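**Student:** Sequence first, then the predicted structure, then my questions.
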2 protein chains.
Amino acid sequence: MNKPARKARSGARGSITIKDVARYAGVSPMTVSRVVNGNQYVSAATRQTVLQAVRRLGYSPNIAARNLASARGERMGLLYGNPSASYLSEFLVGALDAATRHGVQLVLEKCELTPAASRRAVRRLVSGGAVGAVLPPPLCESAVIRAELQAARMRIVAVAAGRPPPELLCVRIDDFAAAQEMTRYLLALGHERLGFIKGHPNQTASEERWRGFSSVVQEAGHLPAPRVEQGFFTFRSGLDAARKLLAAEPLPTAIFASNDDMAAAVMAEAHRRGLEVPHDLTVVGFDDSLIASTIWPGLTTIHQPIAQMAGEAVDLLVSAVRGGNGHGAAESPHRLVAYELVARESAARPKGAVD
Amino acid sequence: MNKPARKARSGARGSITIKDVARYAGVSPMTVSRVVNGNQYVSAATRQTVLQAVRRLGYSPNIAARNLASARGERMGLLYGNPSASYLSEFLVGALDAATRHGVQLVLEKCELTPAASRRAVRRLVSGGAVGAVLPPPLCESAVIRAELQAARMRIVAVAAGRPPPELLCVRIDDFAAAQEMTRYLLALGHERLGFIKGHPNQTASEERWRGFSSVVQEAGHLPAPRVEQGFFTFRSGLDAARKLLAAEPLPTAIFASNDDMAAAVMAEAHRRGLEVPHDLTVVGFDDSLIASTIWPGLTTIHQPIAQMAGEAVDLLVSAVRGGNGHGAAESPHRLVAYELVARESAARPKGAVD
DNA sequence: CCCCGCTGTGGTATCGCTACCATCCTCCGG
DNA sequence: CCGGAGGATGGTAGCGATACCACAGCGGGG
């Protein structure tokens, strides 16, 4: 035992270990571990003592050791395609946070939507040792990618698919209900001549939003038929759609675009034509992506808690991988989170409103 | 030794360990470790054998174990304030990638720019066990945060500070040169009546860009004095600046905004006033953030390789933490990366150009 | 010719934590 | 009063990898 130098190193890199805490609290390392991990078999008194020691010493568990010992530390893939960058940013924040909480490593992989590219991406993920994958939109809609991943025996969780297959793990908002709420909001403001810009046809969320919108319009009954244009979630496609919507008399008094980028395009086109938003035209979007609050006037839109959704997706994935090793957990695989209508400056009563 | 069930588990989670490879290759685990880590003391023949075994078995090292054994697996903080989300997104991708490469964990922490908030954020980082921190803009400019972090004995690396203190680890582009290049580009197109929108005064990059611009203007000599407005890097501030720039006759033929959000605002305001971009007005930005390619016409701007810069920042941080434990590495702490002028549709020759 | 120093390789002891098992104790019904 | 159930705790053995040391060969200078 003539290696005191080695032993002394325990404190050298400044890290407090579970043993230090145990010694300080006068209990065994096991008990500390139990407290830290929320095991129930610890008396309240002991727990307090340990927690105090933890705080006092500034102990924070060594993740590597924890993972190693508990055979955890799996790697989870995050396949990102081409969502708006602001979406990705929030998404990453949420996902990374959850990953840190669970002690899993997040491996990012960019992936185009072609079959070849997805195959390659999935292969990289597999060889990178990932055991599961999170699929933000629009990748979550790709049957190819899902098939590839499942072939590699990976658990997957889709985020924000509008209408996911029932067996797929999925975190989403109720696009249908959200679109309904927004449409009702427009009606409540007094708008009657509505315009709508659909989202990309290969994403089920687009259809849900469209269904939500038109269901309310039909419900209302008395309205003139809304003018509808096809968009593709891009600013450019929104511009094209806006041109058409704003070319034909009588002009709509409100335009509901299926996402914020397109709504921003509508605003740009309106301004170009000398229409003031919201005085001459109300514009609303969907997603509450960064552009919604960047531009002026701020865009009234549907807020999705993207970071939270990403976090829950990782949660779901982790428990799927750890818990139901073969078959899924007993609970429903779909998790619905709350959206919120954010009213900013881009929506107001129509010009000639009298009621 | 009557616990064969336990032993058998080694293969249960499907993971190939270094021992499996060693057995397969007929060498000791140590040798495999050496090969995997590129240690020089392995004969070429052995190396080949081992590499083949690795490939054949699909071995990939267990990061947790590696980190534990090598006392690595440090946590690195990434303090993000309020950069544009598109910036953050790319930044995260790059940083996360590098972190994965180095086997360090990235801990995100949001941080407002007030002293109290930064103190709290730093404390959370410290208690989270981070040993270093990456500071993207605009946090990299905050002396308060830097002081807090240094007080906590953390290594820090700033990203994209315009003119960082010489002793600070920093990854950046040459804002001055980039702004010069953009200005020369405008002059080359034939513009003479220029407008400039400065960036936020508390970021040194703003000043560098401004210096770059005005140095070229002075150099050229014969130009009318450019009109200059103060902006704050936000869309809104760009709008205000644009209003002023576009209110006074004679109108500038080109406006150089210190970032893309403000440039987008200039475009919006120009359109509102019936000016076509680039026909009636050339608008250029800086950063090549997402909005630059989202809007139409696309914005001519300076591209910063954000992901790469974030990656290099993490590299730098890791080597600082691992290498020079006390004092910095011998090499210069500043790393300059290449920017690129991206010409899109928002810049063209001025209307009446004849030469 | 011997010893030194270097290259290549294997053994052993951890790294910090948790799984699993063995205890010890308390409290209860019979 | 005893046996058993189950709460609360400690001991031990790894998880998979690397650090460090030991040692076997081999060539060159004194």
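**Tutor:** That came in fine, so what should we check first? None of the values given here were measured: they were computed from a predicted structure.
**Student:** Please state the backbone phi and psi of residue A:342?
**Tutor:** phi -100, psi 110 (degrees, to the nearest 10).
**Student:** can you pull the pLDDT of the nearest residue to it once chain neighbours are set aside?
**Tutor:** Nearest residue to residue A:342, sequence neighbours excluded (CB to CB, 6 or more residues apart in numbering or on different chains): residue A:303, at 4.7 Å. For the C-beta atoms, the positions are set from N, CA and C on the backbone; glycine is no exception. Note on residue A:303: pLDDT of 96.
**Student:** Poorly predicted segments of the stretch 201-350 of chain A, please.
**Tutor:** Across the stretch 201-350 of chain A, the ranges flagged by pLDDT under 70 are A:323-332.
**Student:** picking that back up, to what extent is the residue nearest to residue A:342 buried, counted in neighbours?
**Tutor:** Residues near residue A:303, counting by other CB atoms under 10 Å in any protein chain shown, number 17.
**Student:** and it, how far is that from DNA strand D?
**Tutor:** 43 Å (CB to the nearest atom of the strand, to the nearest Å).
**Student:** Phi first, then psi, for the residue nearest to residue A:336 when sequence neighbours are not counted.
**Tutor:** Nearest in space to residue A:336, with sequence neighbours left out and distances taken as CB to CB, 6+ apart, is residue A:174 at 5.9 Å. In terms of degrees, to the nearest 10, the main-chain angles of residue A:174 are phi -90, psi 90.
**Student:** burial count for residue A:174?
**Tutor:** By other CB under 10 Å, 16 other residues sit near residue A:174.
**Student:** hmm, stretch A:87-104 touching DNA strand C?
**Tutor:** No - using CB under 7 Å from any atom of the strand, stretch A:87-104 stays clear of DNA strand C, coming no nearer than 9.0 Å.
**Student:** Quick check, pLDDT for whichever residue of chain A sits closest to chain B.
**Tutor:** Minimum separation of chain A from chain B (CB to the nearest CB) falls at residue A:89, amounting to 3.3 Å. Looking at residue A:89, its pLDDT stands at 79.
**Student:** what's the residue nearest to residue A:342 in contact with, if anything?
**Tutor:** Residue A:303 is in contact with A:287, A:288, A:339, A:340, A:341, A:342, counting by CB atoms under 8 Å, 6 or more residues apart in numbering or on different chains.
**Student:** could you dump those to JSON lines with distance to residue A:272 and neighbour count?
**Tutor:** As requested, those are arranged in JSON lines below (distance: CB to CB, whole Å; neighbours: other CB atoms under 10 Å in any protein chain shown):
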{"residue": "A:287", "distance to residue A:272": "23", "neighbour count": "30"}
{"residue": "A:288", "distance to residue A:272": "24", "neighbour count": "26"}
{"residue": "A:339", "distance to residue A:272": "31", "neighbour count": "22"}
{"residue": "A:340", "distance to residue A:272": "31", "neighbour count": "14"}
{"residue": "A:341", "distance to residue A:272": "27", "neighbour count": "16"}
{"residue": "A:342", "distance to residue A:272": "25", "neighbour count": "16"}
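**Student:** I'd like these laid out as JSON lines, including secondary structure.
**Tutor:** Below are those laid out as JSON lines (DSSP: H, G, I helix; E, B strand; the rest coil):
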{"residue": "A:287", "secondary structure": "strand"}
{"residue": "A:288", "secondary structure": "coil"}
{"residue": "A:339", "secondary structure": "coil"}
{"residue": "A:340", "secondary structure": "strand"}
{"residue": "A:341", "secondary structure": "strand"}
{"residue": "A:342", "secondary structure": "strand"}
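**Student:** Closest one to residue B:94 out of those residues, please.
**Tutor:** Distance to residue B:94, by CB to CB, is smallest for residue A:287 among the contacts of residue A:303, at 24.3 Å.
**Student:** Contacts only, for residue A:244.
**Tutor:** By CB under 8 Å, 6+ apart, the neighbours of residue A:244 are residue A:229.
**Student:** so which helix or strand takes in it?
**Tutor:** Per DSSP states H and E: residue A:244 is located in helix A:235-245.
**Student:** Ok, residue A:292 next?
**Tutor:** Per DSSP H and E, residue A:292 falls inside helix A:290-294.
**Student:** secondary structure class for the residue of chain A closest to chain B?
**Tutor:** helix.
**Student:** same deal with residue A:296?
**Tutor:** Following three-state DSSP, the label given to residue A:296 is coil.
**Student:** where along the stretch 51-200 of chain A do the strands fall?
**Tutor:** For the stretch 51-200 of chain A, the strands defined by DSSP state E, counting those that start in this stretch occupy A:75-80, A:105-110, A:130-135, A:155-159, A:169-172, A:194-198.
**Student:** is it possible to export those to a markdown table including mean neighbour count, distance to residue A:281 and mean pLDDT?
**Tutor:** Listed next are the strands of the stretch 51-200 of chain A as a markdown table, based on neighbours: other CB atoms under 10 Å in any protein chain shown; distance: least, CB to CB, whole Å; pLDDT from 0 to 100:
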| stretch | mean neighbour count | distance to residue A:281 | mean pLDDT |
| --- | --- | --- | --- |
| strand A:75-80 | 25 | 34 | 88 |
| strand A:105-110 | 20 | 37 | 84 |
| strand A:130-135 | 26 | 36 | 88 |
| strand A:155-159 | 26 | 32 | 92 |
| strand A:169-172 | 26 | 30 | 93 |
| strand A:194-198 | 25 | 9 | 98 |
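**Student:** If we ignore the residues flanking it in sequence, what's nearest residue A:65?
**Tutor:** According to CB to CB, 6+ apart, the nearest residue to residue A:65 is residue B:68 (5.1 Å).
**Student:** Look up how far DNA strand C lies from the residue nearest the centre of chain A.
**Tutor:** With distances taken as CA atoms, centre = their mean, residue A:306 lies nearest the centre of chain A, 3.4 Å away. For residue A:306, the distance to DNA strand C equals 30 Å [CB to the nearest atom of the strand].
**Student:** List the contacts of that residue.
**Tutor:** Residue A:306 is in contact with A:87, A:90, A:91, A:94, counting by CB under 8 Å, 6+ apart.
**Student:** Around the third one, count how many other residues there are.
**Tutor:** Pointing back at residue A:91 there. Per other CB under 10 Å, the neighbour tally for residue A:91 reads 26.
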